[in-house]
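> got a predicted structure here, sequence first:
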2 protein chains.
Amino acid sequence: MKKALFVFMAIFAIAAYADEGMWMPQQMPQIAAELQKAGIKIDPSRLTDLTGDPMGAVISLGGCTASFVSPDGLVVTNHHCAFGSIQFNSTPQRDLLKNGFLARTREEELPAGPGSRVFVTTKIEDVTPLVTGKLSPKLGDVERAKAIETNTKTLVSECEKPGGVRCRVASFFEGSQYLQMTQMEIRDVRLVYAPAEGIGNFGGETDNWMWPRHTGDWSFYRAYVGKDGKPADPSKDNVAFHPAHYLKVAQTGIKPGDFVMVAGYPGRTSRYRTEFEVQQAKDFSLPTTIRYYTDLSKILSDLGANNRQTQIRNAPRIRGFDNTLKNYTGTLSTLNKGTILQQRHQREADLAAFLASHPDAAKKYAGVLDKINKLDKESAATRERDAVLGMTVRSSPLLSQASRLYRYSVEKAKKDLDRAPGFQERDVPMLQQSSARAQSSIDLPSDRAGLRYMLIETTKLPAGQRIAPIDAALAKTGKSGTEAVDALLDQLYANTKLADLEARKAMLGETKAQLEARNDAMINLAAALYPLDKAIEDQERQVTGAMSRVRPLYMEALREMTGGKLYPDANSTLRITFGNVKGYSPKDGVWYEPQTTVFGVLQKDTGSGEFDSPKNLLAAISGKKFAPYGEPQIGGAVPIDFLSNVDTTGGNSGSPTLNANGELCGLLFDGTWESRGSDFLTDENTRSIHVDAQYMLWVMDAVDGAHNLLQEMGITPKF
Amino acid sequence: MKKALFVFMAIFAIAAYADEGMWMPQQMPQIAAELQKAGIKIDPSRLTDLTGDPMGAVISLGGCTASFVSPDGLVVTNHHCAFGSIQFNSTPQRDLLKNGFLARTREEELPAGPGSRVFVTTKIEDVTPLVTGKLSPKLGDVERAKAIETNTKTLVSECEKPGGVRCRVASFFEGSQYLQMTQMEIRDVRLVYAPAEGIGNFGGETDNWMWPRHTGDWSFYRAYVGKDGKPADPSKDNVAFHPAHYLKVAQTGIKPGDFVMVAGYPGRTSRYRTEFEVQQAKDFSLPTTIRYYTDLSKILSDLGANNRQTQIRNAPRIRGFDNTLKNYTGTLSTLNKGTILQQRHQREADLAAFLASHPDAAKKYAGVLDKINKLDKESAATRERDAVLGMTVRSSPLLSQASRLYRYSVEKAKKDLDRAPGFQERDVPMLQQSSARAQSSIDLPSDRAGLRYMLIETTKLPAGQRIAPIDAALAKTGKSGTEAVDALLDQLYANTKLADLEARKAMLGETKAQLEARNDAMINLAAALYPLDKAIEDQERQVTGAMSRVRPLYMEALREMTGGKLYPDANSTLRITFGNVKGYSPKDGVWYEPQTTVFGVLQKDTGSGEFDSPKNLLAAISGKKFAPYGEPQIGGAVPIDFLSNVDTTGGNSGSPTLNANGELCGLLFDGTWESRGSDFLTDENTRSIHVDAQYMLWVMDAVDGAHNLLQEMGITPKF
């Protein structure tokens, strides 16, 4: 469940059923009875205090979740969340990806990589009146969308004025509510410990999204701040951050039936989206993404077949493609054979029936669903072109960088508040850092091969949806078919400096005229594509504005019909989900136990590829010295991973899993294959996968000798 | 677990552990306490009475097991045991294989096919003194083997004198004991009912040897005898056989933990074979068979790709290849990764240690294992040639027939008692019938393609192990390489009448001179191969004679060392095994439930290929009318298959599974993938697979409308 790095036209949705829910911390008092019934022992109201224990220890890495586990800012998250940092520090000569890494002293810690951040949410405020409260009903759709954008940007700007914080205004319940999140933004993050790939990514893509699982998916960072205790740019002079709260690691393991809860930052779900929108996902966006990612992953993998340097460079992209690919493949399979669409259809039929028998509601919500459907249909008219265009830019890290540089030069000429989100002054450091970070993934043959594949795709677009600037560039080569594509690529890669980090640094901040004067082929292509990008953005703004009138009404209608407690769709803000440790039956005759053990590693290990455990791990398992980390219900063995019915999605990766006493008993890192589709609809078999803290502690103690970190977490090593 | 139709150099073995055992009926009093502990409710001593209830109802089909289930000779066995009969009666126009068959009246019953038999064991006597009691120690190895053969044949001849019975003297405990079995031989067998392939073979090769399983592996025959109640050749005038006992079908289902026992005819196990012999299986015989069967199965399958007629003709051979292939592949995998060889090594080390500390035993068993190993090594010297030669003959039904016809002409010239087993007067009807039966599997392009493959294999044999007659035949074509093979095949198939059933009928009984005078190319090849066959047979006889001195001693030494109750290796004689309904964990984190339900059919059904359920079955499942065949512990659903830890192997297929009261609660039909290797060694995860009688009854009642048969079994239809 790596966060979907390449989100792709994924606008879909679902209804609220029992045993599901990504609740907002402020909703905890509402669901206190359910939490207690499930077995929580601490006072549920404690969970509303974002600066208290335990919520004060839960942090965002921007895409993944993590938590503080020591008074000195030690952070634990998933291995796959730290993957970029590990890759950034790896070379064929010092292969941290393969061998893992442990800093035995603070001095040995490594930079997490440009742009690495730790975000600590400190405040959540309802700003709905300030965002949509004063909008004139007379505004056109575009004006309405712009007004919401402006109100939001103004709020964020005010919020961030004191410095050291990052603010965000997010829409909840389909635009019914706007909340402003204030987050402390720590900018000096260092890599402390990552187990070998044969532990942290044991099972690789074969086991990804699968149960039974035997992956030790953890890594450790440390947060640093200036001597004044405030966020600072990375510097040798910085000191370890002292969080107000950190999680205590549970010293007793969990067992089947136990209460667990997960606090984290789920990225996106689609539980309130319409039948038409789910149908679009099934018919178009999922199969299209699957096709592109399958091909692109293979292209990059083939290029690295005999070259470890290329493998390391492409590793994050391939892993991102493959992760999404498997997720979407599972989701599509569930959509094809499951009842999700039927149930969505039923919900809309139920709503129609409800309105037919409730005249007041019928008046209030008249035509709402029809309007949403009409807007969706209009947007779908150019879906092929939009998908190909987006993917073409993403297929090439160079073209992605060129597009951002060009866009920034366009936006820079405007007043800060008028600029597009992501290109304001507040975003400049991230633009610089993401450029620096991209450097470790730039590989010219791979870049070209990916772009070539997508350029060929552009030539197949139907007549009404051509991408004129690309057609023109191809025509200009004087050739046709793939010869034109190759000629264009020759020209693009022969006449660009985009692969050079220093050149990109210089370009960031140049005016549009300066940038154009460079006559860089990749920048020229980005410039040629800009008018179309802009036109699509304007069109989307019109839809957004129109939707912002009807979607809150639709949500309200559903709420009125069901009368139940609702949680909003995930939107990368802090949520709490709870449940119990529980196995499931994936098919007739089979029961998946809720816990796996270290002996499963011996069963799966092949000594190579995705199942290549470190020799010292295998020896330690065979040695069977497990106390005090073994568990009686599994014969004294050390548990590895466990299942629960908590409700999670991409973005939750790395989230602390807390036991009934609020102690860290594991890390959320994945969902099961049979749960693919849960972003649309959960069912009684929906399960999340967690790595057990006992496995982490045992490996740190008995295998990796990370005694310094155990002691820092207050645990006395036994080995 | 179809009986291994093509047994191939499979001489291997194992030690006795708890919870295993294929016990002889006469051993029941010895293990009464264990039976009672497991939950049997009837008196265990009843099981020693072969003519009483329930053992009197357990019968052999010669390769499979079956049982009487009505006073009118109705027989139930596995669908895969009746497969040959179904195939024999199938044409593309009347495709019983695909659609199933139900005789609603006696008149509609179909012939089971030439050579079909029902054997009812009526007596088991110890004849050891008559077989080996008077052998002079001075006899040479060959003479000793011949003397045992002659004693055996004499006993059989005496036993069969009254007529209507078939007798056999079999070796138990590695030749320590010889028992004579008397069996009533019913020769008129008819096909009564087979469900559609989508029930009887649901899951096909994909699910074969696998759990969870959803196969309705049953079929019904009826036994007929002459009006005088004695066995008779098939005739319209025959009447239904009235068995002394028939099994009562249990009206209440089984549940996890319940006692079950299986009475049947397991074919062969290798639990007392030596480490060297197991190593030979792992290194040579299993991988060699796997290679040949993989290729031959593909050759035959490809030829039938677009021709249903060819498919039907080749179906039994392909199914036989594939079944053995999967079994051996699983076994080899277990041998490669499991501890079987280590444990066998340990047993021999333990024996050496035992002898070292027991001087009397050491004296008695001096050098026994060394002698066995020496004989095995000598036999292994020509293993490649022997394997290729055997397989070449078997690859071509025509050449197989030719070899048998030629051999019979050679043997026929001798006195009956001097003839090779299988070619005595008593065997002539079976020779005729097997020729008639082979007719439905003769397909010239397939025959030639299989033989071509093996002839090419003969050309690859090493210098010391050439098959001279084939080398000569190839050389005679004046060509080389595959051209020579094709030229030889042209000549063979252009000049043979072996594909003609009438011609074969005429040939059976001709003298060697008459047969040779026909100058039939296939007969000529068989004749050319005969001297080598004979030489190999003589060599084997020498080994058999030598082994017959030492193997009983080896068995005795093991018995003395372990001091435990031992059961003999399976040898196609009547055995009883018992245990409990029990799931297992195939791997860490997974538990296989011991019962599957009809809902699993809906999950697996794809509407085509191996998972193509009849529409009326799917409708009946969706209709959920299961009473009274549903079971409370699985939510009222009808159970399909169940697991138990009874100890079975090929030959047990079709065996009645009896509950604690001795009632029929299922039919044994397979073992699990994780149990492959159990012919060498069982472990705590060894499981057998049974079809539940409740599923059979429900399908007969609610789906196939076999109400006539239900009533005959004393069950009132509910649908």
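Received the coordinates, thanks.

> which bits of chain A sit near chain B?
A:211-214, A:585, A:587-593, A:595-597, A:599-600, A:603 (C-beta under 8 Å from any C-beta of the partner chain). (Each C-beta comes from the backbone N, C-alpha and C, glycine too.)

> for the stretch 301-450 of chain A, give the residue positioned nearest to chain B.
A:K337 (9.5 Å; C-beta to the nearest C-beta).

> what about that residue, neighbour count?
10 (other C-beta atoms under 10 Å in any protein chain shown).

> for the helix or strand containing A:N323, the distance to its chain's centre please.
In this assignment (DSSP states H and E), A:N323 forms part of helix A:308-337. Counting by C-alpha atoms, centre = their mean, to the nearest Å, helix A:308-337 is centred 13 Å from the centre of its parent chain.

> from the contact counts, what lies against the helix or strand just after it?
Next along the chain after helix A:308-337, taking DSSP H and E as the criterion, comes helix A:340-357. Counting contacts by 3 or more C-beta pairs under 8 Å, 6 or more residues apart in numbering or on different chains; DSSP states H and E, helix A:340-357 packs against helix A:275-280, helix A:359-364, helix A:521-562.

> switch the cut-off to 6 Å
Contacts defined by 3 or more C-beta pairs under 6 Å, 6 or more residues apart in numbering or on different chains; DSSP states H and E place helix A:340-357 against helix A:275-280.

> please state the mean pLDDT value computed over the helix it packs on.
Taken as a whole, helix A:275-280 has a mean pLDDT of 97.

> show residues contacting it.
With contacts defined as C-beta atoms under 6 Å, 6 or more residues apart in numbering or on different chains, helix A:275-280 is touched by A:F12, A:L341, A:R344, A:H345, A:E348, A:N373, A:D376, A:F680.

> and the fifth one, what does it touch?
Listed by C-beta under 6 Å, 6+ apart, the contact set of A:E348 reads A:E275.

> distance of it relative to A:P359?
19 Å (C-beta to C-beta, to the nearest Å).

> what about stretch A:135-146, average pLDDT?
95.

> name the element A:R448 belongs to?
With DSSP H and E as the criterion, A:R448 is inside helix A:444-458.

> could you identify the helix or strand that succeeds that helix?
helix A:468-476.

> check the stretch 601-719 of chain A for the residue nearest chain B and tell me.
For the stretch 601-719 of chain A, C-beta to the nearest C-beta, closest residue to chain B: A:Q603, 5.5 Å.

> quick one: list the elements packing against the helix holding A:N323.
helix A:83-88, helix A:286-303.

> what's the mean pLDDT across the longest one?
Here helix A:286-303 scores 97 as its mean pLDDT.

> how about it: buried residues?
Buried positions in helix A:286-303, judged by neighbour count with 16 or more other C-beta atoms under 10 Å in any protein chain shown: A:L286, A:T288, A:T289, A:I290, A:Y292, A:Y293, A:D295, A:L296, A:S297, A:I299, A:L300, A:L303.

> check stretch A:373-381 too.
Here stretch A:373-381 shows A:L375, A:D376, A:S379, A:A380 as buried, counting by 16+ other C-beta under 10 Å.

> output these in CSV; the columns should cover distance to A:P137, pLDDT and secondary structure.
CSV is the format used below for those (distance: C-beta to C-beta, whole Å; pLDDT from 0 to 100; DSSP: H, G, I helix; E, B strand; the rest coil):
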residue, distance to A:P137, pLDDT, secondary structure
A:L375, 18, 97, helix
A:D376, 23, 97, helix
A:S379, 23, 94, helix
A:A380, 28, 95, helix
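
> out of the residues you listed, which one sits closest to B:F259?
A:D376 (61.7 Å; C-beta to C-beta).

> check contacts around that closest one.
For A:D376, the contact set (C-beta under 6 Å, 6+ apart) comprises A:F276, A:E277.

> ok, back up a step: okay, and which of the residues of chain A next to chain B map to helices?
Residues of these located in helices (DSSP state H): A:F599, A:G600, A:Q603.

> tally of neighbours for the second one?
A count of nearby residues for A:G600, using other C-beta under 10 Å, gives 23.

> separation between the closest residue to it other than its chain neighbours and A:N685?
Closest residue in space to A:G600, ignoring its immediate chain neighbours: B:D588 at 2.9 Å, by C-beta to C-beta, 6 or more residues apart in numbering or on different chains. As judged by C-beta to C-beta, B:D588 and A:N685 stand 20 Å apart.

> between the two, point out the one with more neighbours.
It is B:D588, of B:D588 and A:N685, that has more neighbours when counted by other C-beta under 10 Å, with 22 against 15.

> just want the residue of the stretch 151-300 of chain A that's nearest chain B.
Chain B sits closest to A:P212 of the stretch 151-300 of chain A, with a gap of 2.8 Å, by C-beta to the nearest C-beta.

> now do that residue, the pLDDT please.
98.

> per-residue pLDDT, the nearest residue to it once chain neighbours are set aside?
Closest residue in space to A:P212, ignoring its immediate chain neighbours: B:G589 at 2.8 Å, by C-beta to C-beta, 6+ apart. Model confidence at B:G589, given as pLDDT, is 97.

> please look at B:G589 and A:V598 and confirm they touch.
No: if you go by C-beta atoms under 6 Å, B:G589 and A:V598 don't touch, sitting 11.5 Å apart.

> give the contact list for the residue nearest to A:G600.
Per C-beta under 6 Å, 6+ apart, neighbours of B:D588: A:T596, A:T597, A:F599, A:G600, A:Q603.

> rerun that using 8 Å as the cut-off
A:P212, A:H214, A:T596, A:T597, A:F599, A:G600, A:Q603 (C-beta atoms under 8 Å, 6 or more residues apart in numbering or on different chains).

> swap in A:K604?
A:K604 neighbours (C-beta under 8 Å, 6+ apart): A:F202, A:G203, A:H214, A:F611.

> one more: A:L558?
A:A15, A:Y272, A:R347, A:L351, A:L566.

> repeat for A:Y592
A:Y592 touches A:W211, A:P212, A:G583, A:Y584, A:S585, A:P586, A:L643, A:T672, B:G589, B:V590, B:W591, counting by C-beta under 8 Å, 6+ apart.

> recalculate using a threshold of 10 Å.
A:211-212, A:582-586, A:643, A:672, A:674, A:685, A:687, B:589-591 (C-beta atoms under 10 Å, 6 or more residues apart in numbering or on different chains).

> look up the closest residue to it, ignoring the ones flanking it.
Spatial nearest neighbour of A:Y592, chain neighbours left out: A:G583 (4.9 Å); criterion: C-beta to C-beta, 6+ apart.

> and for the one you found, the neighbour number?
Here the number of neighbours of A:G583 (other C-beta under 10 Å) works out to 21.

> hang on, it packs against A:I689?
No: when contacts are counted by C-beta atoms under 10 Å, A:G583 is not listed as touching A:I689 (11.8 Å).

> ok so, going back, pull up the overlap in contacts between B:G589 and A:V598.
With C-beta under 10 Å, 6+ apart as the test, B:G589 and A:V598 both reach A:H214, A:I634, A:I640.

> list only buried entries from the residues you listed.
The neighbour-count test (16+ other C-beta under 10 Å) applied to the shared contacts of B:G589 and A:V598 identifies A:H214, A:I634, A:I640 as buried.

> can you read off the pLDDT for A:K3?
Reported pLDDT for A:K3: 36.

> so where's chain A uncertain?
For chain A, applying pLDDT under 70 flags the ranges A:1-19.

> how does it divide into domains?
A:17-78+A:101-117+A:187-267+A:575-719, A:339-552 (automatic domain parsing).
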